[in-house]
Each structure stands twice: as C-alpha cells, then as structure tokens.
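> pasting the sequence and the predicted model now:
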Amino acid sequence: MRSHSLGPKRQRGVSFIMLMVYFAMAGALALLGMKVVPAYLDYLTVKKIFASMSNSEEVRSGTVQEIRKSFDRRATIDYQKSVTMDDLEITKEGNETVVSATWQAKIPLFIGWTLLIDFTASTSEK
C-alpha cells in the first residue's frame with residue numbers, strides 16, 4: 001500500500017468577502033469620478049471660453065462691461081454655470097487686458113464628507 005501525503009489542498013482565487021471589498025472600492029471610485037468629472041468639465045469649458053476671448057477684439061479694446069457681456073454670451077452658449085460675468089476679474093498687464101476668474105466647486109461625496117476644489121482660469125494662460 002502506498003501512502004500519499006499530499007496534505008490539505010490549497011484553494012486558489014478570491015474569497016467572497018474580498019470580492020465584496022473589491023466591488024465596494026470600485027463603487028466608491030466610480031461614485032467619486034461621477035461627482036468630480038462635471039466640475040472639471042466646467043473648468044475646461046471656462047478655459048475654452050477664455051482662450052477664445054483672448055483672441056477677440058472685445059477683450060483687446062472693449063470696456064469692462066463689454067468684456068463681461070462677451071463672457072456671459074459665450075458661457076450661455078456653452079451651458080457653463082459655475083462662473084458668472086460678475087465673478088470675472090479684469091485687469092491690465094502692460095498693454096494687454098487680462099480676464100481671470102477664481103471659483104470653488106463644493107462636491108458632497110458622502111454623509112459628512114465634502115470635496116472642495118479651487119479653480120483658476122485666465123486669458124493670459126497659453
């Protein structure tokens with residue numbers, strides 16, 4: 001008679017509990033992404049508006065009110081609501097008119113947890 005002492009067989013793979021932990025982590029990351037991405041898309045929209053404004057005659061030779069109205073028109077077309085024309089800071093740097101805006105996105109994540117992101121955009125950014 002031959003004796004085989006193979007010992008206990010080792011299981012391979014992921015346990016059910018670890019699988020649930022992985023799913024919970026993936027779900028939390030997906031939720032974070034779904035809440036944060038719109039704020040960054042708004043930021044990119046404001047940067048796009050400022051990029052188009054930096055080449056316009058309204059910014060080069062317009063009044064402060066004309067520049068604000070120009071931004072408001074572009075923001076309405078692009079459905080951008082984070083920055084209003086009243087949030088714009090319009091200054092002169094040498095011979096160049098610079099339009100900039102600073103704002104915060106306050107994103108509620110979970111009960112008692114809020115993510116606060118500071119954004120800054122300007123027509124002088126190239």
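Nice, I can see it.
> and the closest residue to D72 other than its chain neighbours, what does it touch?
Of all residues beyond its chain neighbours, the one nearest D72 is M85 (4.3 Å), with distances taken as Cβ to Cβ, 6 or more residues apart in numbering. Heads up, the C-betas are built off the backbone N, CA and C, glycines and all. Neighbour list for M85: R68, K69, F71, D72, A75 [criterion: Cβ atoms under 8 Å, 6 or more residues apart in numbering].
> how far does the helix or strand bottoming out on mean pLDDT in the chain sit from the chain's center?
Between all helices and strands in the chain, the lowest mean by mean pLDDT, DSSP states H and E belongs to helix 57-61, at a mean of 80. Mean-position distance between helix 57-61 and its chain equals 28 Å (Cα atoms, centre = their mean, to the nearest Å).
> and the helix or strand following it, C-alpha only, in PDB?
Moving toward the C-terminus from helix 57-61, the next helix or strand (DSSP states H and E) is helix 64-77. The C-alpha coordinates for helix 64-77 follow below in PDB (Å, rounded to 0.1, in the frame of the first residue of the first chain):
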ATOM      1  CA  VAL A  64     -15.200  96.200 -18.700                       C
ATOM      2  CA  GLN A  65     -19.000  95.800 -19.300                       C
ATOM      3  CA  GLU A  66     -18.500  94.700 -22.900                       C
ATOM      4  CA  ILE A  67     -16.000  92.100 -21.800                       C
ATOM      5  CA  ARG A  68     -18.400  90.800 -19.100                       C
ATOM      6  CA  LYS A  69     -21.200  90.600 -21.700                       C
ATOM      7  CA  SER A  70     -18.900  88.800 -24.100                       C
ATOM      8  CA  PHE A  71     -18.100  86.200 -21.400                       C
ATOM      9  CA  ASP A  72     -21.800  85.900 -20.500                       C
ATOM     10  CA  ARG A  73     -22.800  85.200 -24.100                       C
ATOM     11  CA  ARG A  74     -20.100  82.500 -24.500                       C
ATOM     12  CA  ALA A  75     -21.000  80.900 -21.200                       C
ATOM     13  CA  THR A  76     -24.700  80.700 -22.200                       C
ATOM     14  CA  ILE A  77     -23.800  79.100 -25.500                       C
END
